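Enquirer: this one's sequence-less:
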């Protein structure tokens with residue numbers, strides 16, 4: 001017997017992924033904070049909050065459509081890296097993986113003809129394009145300034161990387 005596909009279960013799995021991404025970004029921020037690179041640290045602390053907010057948007061959606069919500073355990077994340085470029089490479093890979101996960105959710109919603117879920121995910125599809133581009137840009141900056149990361153710090157400060165304001169089109173956040 002084929003297993004019935006369930007969007008609520010799949011979205012709960014993604015909530016777990018979003019919380020894990022948030023924790024990984026905290027770990028990256030801690031690495032940069034310990035290295036006295038406050039702009040890189042602040043960038044990743046902001047990213048951690050954003051990923052948590054994404055999870056909470058998904059929680060609110062499940063509450064709104066009367067689906068069960070599972071809050072996952074959180075595993076420890078590494079705060080040590082081989083070099084100052086490795087966290088940004090890992091962040092880009094993480095965003096690319098999240099994009100695949102969001103696209104998979106979108107495909108599932110479409111397959112199930114769950115129009116509410118498909119509409120809800122539209123914002124996340126757009127968000128992932130922005131997130132992958134942002135991490136790609138940061139990786140370029142960090143790689144170019146690898147011999148003097150204070151140049152990357154200056155760039156982040158000057159360009160305000162990751163300091164975008166709130167998005168009025170974003171889904172509501174649980175508890176927000």
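Expert: Thanks, I have it. Only a predicted model underlies this, so the values are computations on that prediction, with no experimental measurement involved. Numbers count the residues shown, from 1 in each chain.

Enquirer: hey, let's count contacts and neighbours off CA atoms from now on
Expert: Noted.

Enquirer: quick one: low-confidence parts of the chain?
Expert: Where the chain drops to pLDDT under 70, the residues are 1-4.

Enquirer: pick out the residue nearest the middle of it.
Expert: residue 51 (4.1 Å; CA atoms, centre = their mean).

Enquirer: and that one, what does it touch?
Expert: By CA atoms under 8 Å, 6 or more residues apart in numbering, residue 51 lies in contact with 18-19, 21-22.

Enquirer: do the same with residue 163
Expert: Applying CA under 8 Å, 6+ apart, the residues near residue 163 are 43, 46.

Enquirer: and residue 12, by the same measure?
Expert: 58-59, 69-71.

Enquirer: how about residue 83, phi and psi?
Expert: When read as degrees, to the nearest 10, the backbone of residue 83 gives phi -160, psi 170.

Enquirer: and for it, the neighbour number?
Expert: For residue 83, the neighbour count with other CA atoms under 10 Å is 8.

Enquirer: ditto for residue 142
Expert: Residue 142 is flanked by 24 other residues according to other CA under 10 Å.

Enquirer: with residue 128 instead?
Expert: Using other CA under 10 Å, residue 128 is surrounded by 19 other residues.

Enquirer: now do the contacts for it.
Expert: Residue 128 makes contacts with 95, 98-99, as judged by CA under 8 Å, 6+ apart.

Enquirer: now those as JSON lines including distance to residue 113 and neighbour count?
Expert: Converted to JSON lines, the contacts of residue 128 look like this (distance: CA to CA, whole Å; neighbours: other CA atoms under 10 Å):
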{"residue": "95", "distance to residue 113": "27", "neighbour count": "21"}
{"residue": "98", "distance to residue 113": "22", "neighbour count": "21"}
{"residue": "99", "distance to residue 113": "21", "neighbour count": "20"}
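
Enquirer: just put these in CSV and tack on secondary structure and distance to residue 7.
Expert: Formatted as CSV, the contacts of residue 128 follow (DSSP: H, G, I helix; E, B strand; the rest coil; distance: CA to CA, whole Å):
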residue, secondary structure, distance to residue 7
95, helix, 21
98, helix, 17
99, helix, 17
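
Enquirer: please report how far residue 83 lies from residue 48.
Expert: Distance of residue 83 to residue 48, computed by CA to CA, to the nearest Å: 20 Å.

Enquirer: again but with residue 158, I slipped
Expert: Distance from residue 158 to residue 48, counting by CA to CA: 21 Å.

Enquirer: what about residue 27, neighbour count?
Expert: By other CA under 10 Å, 23 other residues sit near residue 27.

Enquirer: pretty sure it contacts residue 79?
Expert: Yes - taking contacts as CA atoms under 8 Å, residue 27 lies within contact range of residue 79: 4.8 Å.

Enquirer: hey, where'd the helices end up in this structure?
Expert: For the chain, applying DSSP state H gives helices covering 7-34, 38-64, 86-111, 115-144, 150-159.
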